[in-house]
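Undergrad: with the sequence up front, the predicted model follows.
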Amino acid sequence: MSIREFAESGADLELVGIQKRFPGFTAIEELDLTIPAGSFFALLGPSGCGKTTTLRLVAGLEEPTAGRILIGGKDVTDTKAHQRPVNTVFQSYALFPHMSIIDNVAFGLKRRRIADAEAKAHEALKLVELDHLAQRRPAQLSGGQQQRVALARAIVNRPALLLLDEPLGALDLKLRRQMQLELKTIQEEVGLTFLHVTHDQEEAMTMADTVAVMNKGAIEQMGAPEELYELPRTAFVANFLGKSNLFTGDVVGTTDTAMTVDASGHRITIATARAQRHQGLVTVGVRPEKVTLHAEQPEEVAGRNLLGPGRVIDVSFAGVSTEYIVAVPGVGTISVFAQNMSFGPVAHEGSEVWLSWDVEHGFGLSDEPDESSRFPADADTQSIAVQRREALLTELEGS
Amino acid sequence: MSGEVQAAAVLGGLAESEELEDRRGPQRPRRRRIGLGDWLLPVYVVLAFIFLLIPIAYTFVFSFNDSLKSNIAWRGFTFDKWLNVCNVEGGAVCEAFGNSIVIGLVSTVVATTLGTMIAIALVRYRFRARSSISLLLFLPMATPEVVLGAGLAAQFLAVGVPKDMLTIILAHTMFCISFVVVTVKARVASLDPALEEAGRDLYGSPREVFWRITFPLLTPGIMAAALLSFALSFDDFIITNFNSGSVTTFPKYIYISASRGIPAEANVIASAVFIVALAIVVIAQVSRAARAKRLAAEMT
């Protein structure tokens, strides 16, 4: 495909055996990835996981140490950034401060010597509802407006592949929602392939058809958002994508349908099909919103796990739901999200409660429990917060 | 120059303490006493300005003196010197002035071009001996001019290059490069690399990215470096004196003629340079204020 003409539709992107080493560290170990044409693909991970490097490799701003990059089936590994049918919306927007908005948007078209560059640039600005500001300089625009200009500047070129480098990071919540919607609409309208890099799990889940969770230079798990959420395969995914309650123990019984794990004397059963490993020491888990809180000891029911009694050590009311932190002797703390069906929380700090959840809702991880801790030692704020809270809780329990 | 800055800083400090005095005022009895600071500060300000401006005023006034050979005693007002500035001593003043302009322009262009390239290389690329080059570039600024001038003169002699305009230009280019590199480097370092990456991403070839993005964004720094280079070159006497042979520059002319009385024509040229410089500053300030006003009007 020549860069002199517009892409008719999105192109698929293929990364084959990509490795990227910088002096002193390896950003990407070994990456194989195929993104089908026309999809909205999100690379999700904490800072430093290699997701931005991946994006820069695709854009041609970095060269891979090893491996090939194919766009629309064509090997572009050895071509320069300006020869690739790819455009990027930069994290910092990177609008040219010395040019007017219209010149910024028309820049790519003029470099490709495409006719009617100005008219096409005005159309792109109309799409993001900023045509009335065409003569302004970037410094005269608000953050949200600059972001839309950056988007217009990229999509006006009709690239086969649009790269988004955390472009919504600097916006406030309301503007973010608005831009997310706008991005999604544009993607559906123009049918481009979107590769979106973000550390915001909610953004990734709401916008993308496929999410790949990246950690330490490799993809941990990839799939549709609901699949990733309901059936995480590693402790990292289980905790980076939402919260999880994890239990580690030996497998004490396996049938065709159910597998039972002994976690410090508590029997926890999950569906065999939802477990990655079926013998030895394994980690199993359940999402907080799947757990039901009981104020009195319930009857043992087949097909449900029952834990307790435990003590509520923290209640945080969030309007639509309430999060309870329950300390169960032997298994540590368990987080429970409960919809506020009645007024206010149903249990209070210090009250004795029992927990239950459907066997079908559990999941078993493929991690070696001894090789990685329950919460990965990563430098992103979310896992630090989780670890910190864990540490505080153990401290409180001990005293 | 630094004297002015210092004076301004001192004045600023005084003004501030004065303000503090005023703010405490209302809590005291209302009767206003005339303190020492009330008249000391204005007097100090006036004296400081007189001190700074007298040499310039003297030069300007005496450019209208109907002088003979020396221009020390006031002999009456005339426009002759301004009108016939190039007609004395076979036009020696004007020739020296012309030489200074040519040397200044050529060494500015060469030093700014080379210095800008060095600055970009030092900030953007990692290469062997990069930090030692950064350090070496400070040497011409740190070395006493006498040493630099004498060293260069000895070197030209050893190599057998005759001293003329070329040797002056070489010498000026050498010390101007250091100042250009330091000035432009700061600008390059503050330039967001993402802007150039965006240019490449938007189909700009390396050449297009440089001329359409990098260069325009560096222009303020490059302009400042060029003005500084020109001022340094135009002003330089010591290094020039060692390497000029029979060529006379404006500072050299004034130095030589000082022993037998500086002619009024030198005052004319000095005054003219001062007026041009002042005009540039005023125009720049006024146009900047106008632009800021226009931008503010657009925003609303």
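TA: Arrived safely. All values derive from a computational prediction rather than experimental measurement. Numbering: from 1, shown residues only, chains lettered A, B, ... in the order given.
Undergrad: poorly predicted segments of the stretch 51-200 of chain B, please.
TA: B:89 (pLDDT under 70).
Undergrad: tell me the contacts of the nearest residue to A:A338 once chain neighbours are set aside?
TA: Among residues not flanking A:A338 along the chain, A:T322 sits closest, at 5.4 Å (CB to CB, 6 or more residues apart in numbering or on different chains). Any C-beta I mention is one placed from the backbone N, CA and C, and that applies to glycine too. A:T322 makes contact with A:315-316, A:337-338, A:340, A:345-346 under the criterion CB atoms under 8 Å, 6 or more residues apart in numbering or on different chains.
Undergrad: show me how the chain divides into domains.
TA: You didn't say which chain, so I picked chain A. Using automatic domain parsing, the domain ranges for chain A come out as A:13-223, A:237-398.
Undergrad: I was after chain B.
TA: Using automatic domain parsing, chain B is parsed into the domains B:2-62, B:91-262.
Undergrad: ok, A:T34 - contacts?
TA: Taking CB under 8 Å, 6+ apart as the test, what A:T34 contacts is A:12-15.
Undergrad: hmm, back to that, any figure for the gap between the residue nearest to A:A338 and A:V346?
TA: Distance, A:T322 to A:V346, using CB to CB, to the nearest Å: 8 Å.
Undergrad: helix, strand or coil: sort out whichever residue of the stretch 1-150 of chain B sits closest to chain A for me.
TA: Closest to chain A within the stretch 1-150 of chain B is B:R126: 9.0 Å, counting by CB to the nearest CB. Following DSSP: H, G, I helix; E, B strand; the rest coil, we place B:R126 in the coil state.
Undergrad: okay, now it: neighbour count?
TA: 7 (other CB atoms under 10 Å in any protein chain shown).
Undergrad: what's the answer for the one 10 residues further on, then?
TA: Neighbour count of B:L136, defined by other CB under 10 Å: 11.
Undergrad: next: A:L57.
TA: 23.
Undergrad: same check on B:W74?
TA: Neighbours around B:W74, by other CB under 10 Å: 12.
Undergrad: which SSE is A:R153 in?
TA: According to DSSP states H and E, A:R153 maps onto helix A:143-155.
Undergrad: so what's the gap between that helix and the chain middle?
TA: 23 Å (CA atoms, centre = their mean, to the nearest Å).
Undergrad: need the CA coordinates for the helix or strand just after that helix. CSV is fine.
TA: Later in the chain than helix A:143-155, the nearest helix or strand by DSSP H and E is strand A:161-165. Extracted in CSV, the C-alpha atoms of strand A:161-165 (Å, rounded to 0.1, in the frame of the first residue of the first chain):
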residue,chain,number,x,y,z
LEU,A,161,-4.0,1.3,11.6
LEU,A,162,-4.6,4.0,14.3
LEU,A,163,-2.4,3.9,17.4
LEU,A,164,-3.7,5.5,20.6
ASP,A,165,-1.1,6.0,23.3
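Undergrad: quick check, pLDDT for A:G72.
TA: Per-residue confidence (pLDDT) for A:G72: 88.
Undergrad: how near is it to chain B?
TA: 17 Å (CB to the nearest CB, to the nearest Å).
Undergrad: chain neighbours aside, what residue packs nearest to that residue?
TA: A:A11 (3.2 Å).
Undergrad: SS state for that neighbour?
TA: A:A11 ends up coil, using three-state DSSP.
Undergrad: ok, now A:L15?
TA: Relying on three-state DSSP, one would call A:L15 strand.
Undergrad: what do you get for B:K69?
TA: coil.
Undergrad: for it, give me its contacts.
TA: With CB under 8 Å, 6+ apart, B:K69 has these contacts: B:260-261, B:263.
Undergrad: kindly report the same for A:E352.
TA: A:308-311.
Undergrad: any idea how far the one residue in the stretch 201-350 of chain A that gets nearest to chain B is from A:F236?
TA: Chain B sits closest to A:E203 of the stretch 201-350 of chain A, with a gap of 21.0 Å, by CB to the nearest CB. For A:E203, the distance to A:F236 (CB to CB) stands at 18 Å.
Undergrad: what do you get for A:F90?
TA: With CB to CB as the criterion, A:F90 and A:F236 are 27 Å apart.
Undergrad: and for A:F337?
TA: A:F337 is 21 Å from A:F236, by CB to CB.
Undergrad: how about B:F179?
TA: From B:F179 over to A:F236 the distance is 53 Å, taken as CB to CB.
Undergrad: more crowded one of those two?
TA: Counted by other CB under 10 Å, B:F179 and A:F236 do not tie: A:F236 has more neighbours, with 25 against 21.
Undergrad: tell me which element that one is part of?
TA: Using DSSP H and E, A:F236 sits in helix A:235-240.
Undergrad: how about the helices in the chain?
TA: You didn't pick a chain, so chain A it is. A:51-59, A:101-111, A:117-127, A:143-155, A:173-190, A:201-207, A:225-230, A:235-240, A:381-398 (DSSP state H).
Undergrad: chain B is the one I meant
TA: Using DSSP H, helices in chain B cover B:2-24, B:36-62, B:80-83, B:92-124, B:130-136, B:139-142, B:145-159, B:165-189, B:193-201, B:206-209, B:215-235, B:238-243, B:250-258, B:264-299.
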